[in-house]
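**Q** let me see the structure of the following:
(chains A and B)
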Amino acid sequence: SQTIHQWPATLVQPVGSPLSLECTVEGTSNPNLYWYRQAAGRGLQLLFYSVGIGQISSEVPQNLSASRPQDRQFILSSKKLLLSDSGFYLCAGRQGNYGYTFGSGTRLTVV
Amino acid sequence: GQQLNQSPQSMFIQEGEDVSMNCTSSSIFNTWLWYKQDPGEGPVLLIALYKAGELTSNGRLTAQFGITRKDSFLNISASIPSDVGIYFCAGSRNSGNTPLVFGKGTRLSVIA
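**A** Next comes the predicted model:
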């Protein structure tokens, strides 16, 4: 079965600093991968998804970018964080027509 | 883009009560999924429905895939304190490359 690993669990960063969140997948190959952001107690906003190495689709134009350098690695980045980038970031993986498996999330606070 | 209308937005219930929530869409989906998110964690899949009219149970949870393929409901019977969390519905088309469409969630609070 598929397992999604995310780190760190929590992160406090100053405004203007860079960001790199990593997501890795275990147990499957060639999964579709997704980055979501969730504001406090709210719904899931799809940020990026990838169907393969080097393939990134952006859903919401913003201060973030994503990359997939390896089949089982998905990275979310920013060159300069904004206060509005604070939130709970979730990585998810999917194979075929099944549902997603989510990671445990990273809570980012930009101060 | 695609949207799922999930209701209610929040619920406060007494322990032992039954709970019902639903999702509707203006478009057809071929798969409906229900997730639960505990505080500070990622959502976890509860039930997946793959066939119109399908009724599936998982313990105290029961979910149905609407005949029109445009709706689904989730029922929780005899609620307990650990049922607290946010419940999300999600719809999928056949293509595995198309992202799931999520509802905005139902926040469930259980009063002991």
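
**Q** which parts of the chain are strands?
**A** I'll assume chain A. Taking DSSP state E as the criterion, chain A carries its strands at A:3-7, A:10-13, A:19-26, A:32-38, A:44-52, A:55-58, A:65-70, A:73-78, A:87-94, A:101-102, A:106-110.

**Q** the intended chain is chain B.
**A** According to DSSP E, the strands that chain B contains are B:5-7, B:10-14, B:19-24, B:31-37, B:44-49, B:55-58, B:61-65, B:71-76, B:85-92, B:101-102, B:106-111.

**Q** just how off-centre is stretch A:54-68 within its chain?
**A** When distances are taken as Cα atoms, centre = their mean, to the nearest Å, stretch A:54-68 is centred 10 Å away from the chain's centroid.

**Q** please apply the same query to stretch A:76-93.
**A** Centre-to-centre, stretch A:76-93 and its host chain are 7 Å apart (Cα atoms, centre = their mean).

**Q** span of it from start to end?
**A** End-to-end distance of stretch A:76-93: 14 Å, with Cα to Cα, to the nearest Å as the criterion.

**Q** which bits of chain B sit near chain A?
**A** On the criterion Cβ under 8 Å from any Cβ of the partner chain, chain A has as its neighbours in chain B the residues B:30-31, B:33, B:35, B:40-45, B:48, B:86, B:88, B:90, B:92, B:94, B:96-97, B:99-100, B:102-105, B:107. Bear in mind the C-beta positions are built from the backbone N, C-alpha and C, glycine included.

**Q** just to revisit the earlier point, how about the strands of chain A, which one is nearest chain B?
**A** With Cβ to the nearest Cβ as the criterion, chain B lies closest to strand A:101-102 of the strands of chain A, at 3.3 Å.

**Q** that older thread, which stretch among the strands of chain B comes nearest A:S67?
**A** Nearest of those to A:S67, taken as Cβ to Cβ: strand B:101-102 at 23.8 Å.

**Q** helices or strands next to the closest one in the packing?
**A** Counting contacts by 3 or more Cβ pairs under 8 Å, 6 or more residues apart in numbering or on different chains; DSSP states H and E, strand B:101-102 is packed against strand B:85-92.

**Q** what is the burial count for A:L19?
**A** As a burial measure, A:L19 scores 21 neighbours (other Cβ atoms under 10 Å in any protein chain shown).
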